[in-house]
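Asker: Need coordinates for the following:
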Amino acid sequence: MNSALRLRSDLERIEQTILAPYAVQSNQAAATRLRLEPEHPYRTAFQRDRDRIIHSRAFRRLKHKRQVFLTESGDHYRTRITHTLEVSQLARTMARGLGVNEDLAEAIALGHDLGHTPFGHIGEVVLHGIMSGEDSLEGTLAPQDAGGYKHNYQSLRVVDILEKKYRWEGLNLTAAVREGILKHTRLRRDVLHFPDFNLQGLYYPLDHATTIEGQIVAVCDEIAQRTHDLEDGIRAGFVSLDRVRRLPIIGEIDRRAGLVLTDNFIYRNILIRSLVNFLVTDVMEATLERIDDFIRLTGRTDYFDTLLVWFSERVDPLQEELDRFIASEIIQIASEERSDNHAREVIRTLFRSFYLNPGLLPDYRLAPVLTGPAYSGVELDEWRAEGGGFLARSISERQLQADDRFLRAICDHIAGMTDNYAELEYRRIGEARHDR
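Answerer: Below you'll find the predicted structure:
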């Protein structure tokens, strides 16, 4: 037996043999990077994207970012990283079942939530209010729309700009991965003026991804949220199993699986597993029919301007009812119990403190602002040497505070924080203010 290393070219030929005609092939993907670079000898372009995301700092921070429940309230509640891993697992399963590119689907799934804030959804709401001009922080900020905030846009900003591992900014991912990350949830047209927002390869006029793999991640994100939020809500005691079993979609699963409520723990585990299987199977079966119809009508297999990967017409209203139930009976109660008001206070205090005292920002956040054209290329060291007093080259405090890029630097810094680090910074700033 003569063993040989499988090179990238070998893997690309295997893809051409085993993937469906409507799958995205890896062999042309490297050409869609924002910056051209040599290809890897034995990893495809999408494998390389996946690996870059896993090795990023933003990915590691997901383990200390809240999903729904406070991480300190129990070891088994989902965090942002366990949610991401569940989405990735579902996406790989669905991609394999539909015959499309697993590596592409996995890369999108692993990167889709890199832009999430600390403290779960409330962090996104607070930062959007500040960055859209709706929240002036009690008159601290001048009325200005600095572009708003939405986590999918921020996820793209992370992989395009904020990660610093190479000679260039960002991770230099392929267009298909970048589009899938941006479009894993709905777009928000009023934040199009996110700074340095690069539309190359994103097909921005369409709200959904133009690849089957990107659409797979979007629906797997929904399935993961439905199922793990329900499981965590039951575990937390927010809803009883008797109440859950009255939902039509759960009743159907009970009947199909022949589930009997004898042991709550065992029943809950079997129920969630059966619910995941039910939803994934429904999406795959419905999607195959839509893909066949689409190809028959258009003849296209490389660009999908219609949403094809979704639930069947029969199951869609059932899963929407489940989503509404989770929102009202679990998410809302969890929001009240985990003290979202405190999270709101932490983020607003941090933003106001950085705005009034720019020297509190780390150099890597402040330097790109001070070296911009508006400041005649002033050096950060010079500014620091002046005590951060805006004396270097006549930079005025008002000039910096009116700069959208300064506000975005503060937003980037806070959005990247873990729950723990945000709390530490909040206490540190509070203690420093008290000492004065």
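
Asker: Low-confidence regions, the stretch 51-200 of the chain specifically.
Answerer: Along the stretch 51-200 of the chain, segments meeting pLDDT under 70 span 68-76, 190-193.

Asker: again, but for the stretch 251-400 of the chain
Answerer: Using pLDDT under 70, the stretch 251-400 of the chain drops low at 333-338, 372-397.

Asker: Kindly recompute the last result at 50.
Answerer: Flagging of the stretch 251-400 of the chain using pLDDT under 50 yields the residue ranges 389-394.

Asker: could you pull out the helices for it?
Answerer: 264-298, 316-326, 332-337, 340-356, 363-370, 380-385, 397-401 (DSSP state H, counting those that start in this stretch).

Asker: Export these as a markdown table, with columns for distance to His128.
Answerer: All C-beta atoms are positioned from the backbone trio N, CA, C, and that covers glycine. Compiled in a markdown table, the helices of the stretch 251-400 of the chain are given as follows (distance: least, C-beta to C-beta, whole Å):
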| stretch | distance to His128 |
| --- | --- |
| helix 264-298 | 29 |
| helix 316-326 | 22 |
| helix 332-337 | 16 |
| helix 340-356 | 11 |
| helix 363-370 | 19 |
| helix 380-385 | 29 |
| helix 397-401 | 20 |
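
Asker: out of the ones you listed, which comes closest to Asn172?
Answerer: Of all the helices of the stretch 251-400 of the chain, it is helix 363-370 that lies closest to Asn172, at 18.0 Å by C-beta to C-beta.

Asker: Which positions within that closest one qualify as buried?
Answerer: Across helix 363-370, burial judged by 16 or more other C-beta atoms under 10 Å covers Arg365, Leu366, Ala367, Pro368, Val369, Leu370.

Asker: Of those residues, just say which sits nearest to Asp113.
Answerer: Using C-beta to C-beta, the buried residues of helix 363-370 come closest to Asp113 at Arg365, 21.3 Å.

Asker: could you measure that closest one against Ala409, distance?
Answerer: Using C-beta to C-beta, to the nearest Å, we find Arg365 at a distance of 5 Å from Ala409.

Asker: Select, out of the helices of the stretch 251-400 of the chain, the one closest to His64.
Answerer: Per C-beta to C-beta, nearest to His64 of the helices of the stretch 251-400 of the chain: helix 340-356, 14.1 Å.

Asker: how about the closest one: buried residues?
Answerer: For helix 340-356, by 16+ other C-beta under 10 Å, it's 340, 343-344, 346-355.

Asker: Closest one of these to Lys150?
Answerer: Ile347 (15.4 Å).

Asker: I'd assumed Ile414 was in contact with the closest one.
Answerer: Yes: between Ile347 and Ile414 a contact is recorded at 6.1 Å, counting by C-beta atoms under 8 Å.

Asker: Find residues that contact each of the two.
Answerer: Thr117, Pro118, Gly123, Leu127, Ala422 (C-beta atoms under 8 Å, 6 or more residues apart in numbering).

Asker: Just give the nearest non-adjacent residue to the first one, would you?
Answerer: The shortest distance from Thr117 to any residue other than its chain neighbours is 3.0 Å, reached at Gly123 (C-beta to C-beta, 6 or more residues apart in numbering).
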